[in-house]
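Peer 1: model the following, please.
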Amino acid sequence: MLWLLWIAGIGLLSACAALPPAQLATDAKPSAALTAAPLYNVSFNSVLALPVKNQGMKLAYGTAALQFGLLSLPATQSGTKPPLVIFVHGGCWLNAYDVAHSKALSQALTEAGYAVWSLEYRRVGDEGGGWPGSFNDIVQGINYAQAQFEQYGVDVNRIALMGHSAGGQLALLAGKELAGEKLAGDKKPAPIQAVIGLAAITDMASYAKGSNSCQSVTAKFIGASPEQAPALYQDASPSLHKAHPNTLLLQGSADSIVPATQATDSGIPYLMVEKAGHFDWIHPQSAAYPQLILTLQELLPL
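Peer 2: Down below sits the predicted model:
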């Protein structure tokens, strides 16, 4: 059904509004790019093992050591400026997991024609990391890209914000409609065209009640339990704020780190992909990856 809607020219978001997301995922036609043995539920280590040639340019958006991003540019085409994907990596908000595991995804997205600004930021275990420091870093990184990247031939008026897992929580909040952030010199920032959450955490209080290794970090990230600081958990929960009007969540049914309810109960448009695991979204050879590309091309056309 999703494939037919795509061919007919009906957008993903309108399709999600018209049909139950579970039906969309079940009926989705696999991409012709998939191999005879598509990859499902890949491991974190398999993502790290992917070969990466394009490491990206390291650019600082702040004065702290971890306030930088990696800018990857596609092959230049005369007379065209590529749109920009600002990517926020996950890793349970912990400083043990850094921007390195986003490099294979950035390379694949540049090969598809997008410029990619993959943000590093201060996390739990870093001075200034946690809530709200990590979020403030993401906003600062976005503002830097909007102000500076025109000099690199990037179309700063066409930007999608994308985040995975804990990075999805930060990206969804940064992309919300009434963020109210401004650039230096009171220059109004270019609008974000779309926001995509990949296995994103949307409800911090319910996530904190879980028992897996990532869920157990939530209180460390916030600095308190949901019972101790309910207002902080509300502030940090994307599902409790008005989302950017072009927001879509991509969630795998086989995700054991972020429960499917973080998408299905969020009130945010979502697409459930059967058999996809937590790390499939950032592994360009997975069966789920073509759905990410289709979504991006729909929300931020080249």
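
Peer 1: what's the neighbour count on Leu48?
Peer 2: Residues lying near Leu48 (other C-beta atoms under 10 Å) number 13. Placement of C-beta: from N, CA and C, glycine included.

Peer 1: separation between the residue nearest to Phe135 when sequence neighbours are not counted and Lys53?
Peer 2: Nearest non-adjacent residue to Phe135, counting by C-beta to C-beta, 6 or more residues apart in numbering: Leu170, 5.5 Å away. According to C-beta to C-beta, to the nearest Å, Leu170 stands 28 Å off from Lys53.

Peer 1: neighbour count winner among these two?
Peer 2: When neighbours are counted by other C-beta under 10 Å, Leu170 and Lys53 differ, and Leu170 comes out ahead with 30 against 6.

Peer 1: check which helix or strand that one maps to.
Peer 2: helix 166-174 (DSSP states H and E).

Peer 1: in terms of secondary structure, what does that helix contact?
Peer 2: Counting contacts by 3 or more C-beta pairs under 8 Å, 6 or more residues apart in numbering; DSSP states H and E, helix 166-174 packs against strand 83-88, helix 133-148, strand 155-164, strand 194-198.

Peer 1: and the strands in the protein, which stretches?
Peer 2: 57-60, 68-72, 83-88, 115-119, 155-164, 194-198, 247-252, 270-273 (DSSP state E).

Peer 1: now those strands in TSV, with distance to Ala96 and mean pLDDT?
Peer 2: TSV is the format used below for these (distance: least, C-beta to C-beta, whole Å; pLDDT from 0 to 100):
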stretch	distance to Ala96	mean pLDDT
strand 57-60	20	97
strand 68-72	18	98
strand 83-88	17	98
strand 115-119	17	98
strand 155-164	16	96
strand 194-198	20	97
strand 247-252	23	98
strand 270-273	27	97
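
Peer 1: okay, these in a markdown table with distance to Leu302 next?
Peer 2: A markdown table is the format used below for the strands of the chain (distance: least, C-beta to C-beta, whole Å):
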| stretch | distance to Leu302 |
| --- | --- |
| strand 57-60 | 21 |
| strand 68-72 | 15 |
| strand 83-88 | 7 |
| strand 115-119 | 11 |
| strand 155-164 | 9 |
| strand 194-198 | 13 |
| strand 247-252 | 18 |
| strand 270-273 | 21 |
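
Peer 1: would you reformat those strands as a markdown table and include distance to Thr261 and mean neighbour count?
Peer 2: Shown next, in a markdown table, are the strands of the chain (distance: least, C-beta to C-beta, whole Å; neighbours: other C-beta atoms under 10 Å):
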| stretch | distance to Thr261 | mean neighbour count |
| --- | --- | --- |
| strand 57-60 | 37 | 14 |
| strand 68-72 | 31 | 23 |
| strand 83-88 | 22 | 27 |
| strand 115-119 | 27 | 27 |
| strand 155-164 | 18 | 23 |
| strand 194-198 | 14 | 29 |
| strand 247-252 | 9 | 27 |
| strand 270-273 | 11 | 24 |
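
Peer 1: Ala260 is nearest to which of those strands?
Peer 2: Among the strands of the chain, strand 247-252 comes nearest to Ala260, with 5.7 Å by C-beta to C-beta.

Peer 1: what's the closest one in contact with?
Peer 2: 12-13, 16, 41, 168, 172, 175, 194-200, 202, 258, 260, 262-264, 266, 268-273, 275-278, 280-281, 288, 291-292, 295, 299 (C-beta atoms under 8 Å, 6 or more residues apart in numbering).

Peer 1: so it versus strand 155-164, what angle?
Peer 2: Interaxial angle, strand 247-252 versus strand 155-164 (axes from the mean of the first three to the mean of the last three C-alpha atoms, to 10 degrees): 40 degrees.

Peer 1: sheet partners, orientation included, of strand 247-252?
Peer 2: strand 194-198 (parallel), strand 270-273 (parallel) (DSSP bridges).

Peer 1: how about the helices in the stretch 1-150 of the chain?
Peer 2: For the stretch 1-150 of the chain, the helices defined by DSSP state H, counting those that start in this stretch occupy 2-8, 12-18, 21-27, 44-48, 103-111, 133-148.

Peer 1: count of residues packed around the closest residue to Gly267 other than its chain neighbours?
Peer 2: Once flanking residues are discounted, Gly267 sits nearest to Ser239: 5.8 Å by C-beta to C-beta, 6+ apart. The local packing of Ser239 (other C-beta under 10 Å) involves 22 other residues.
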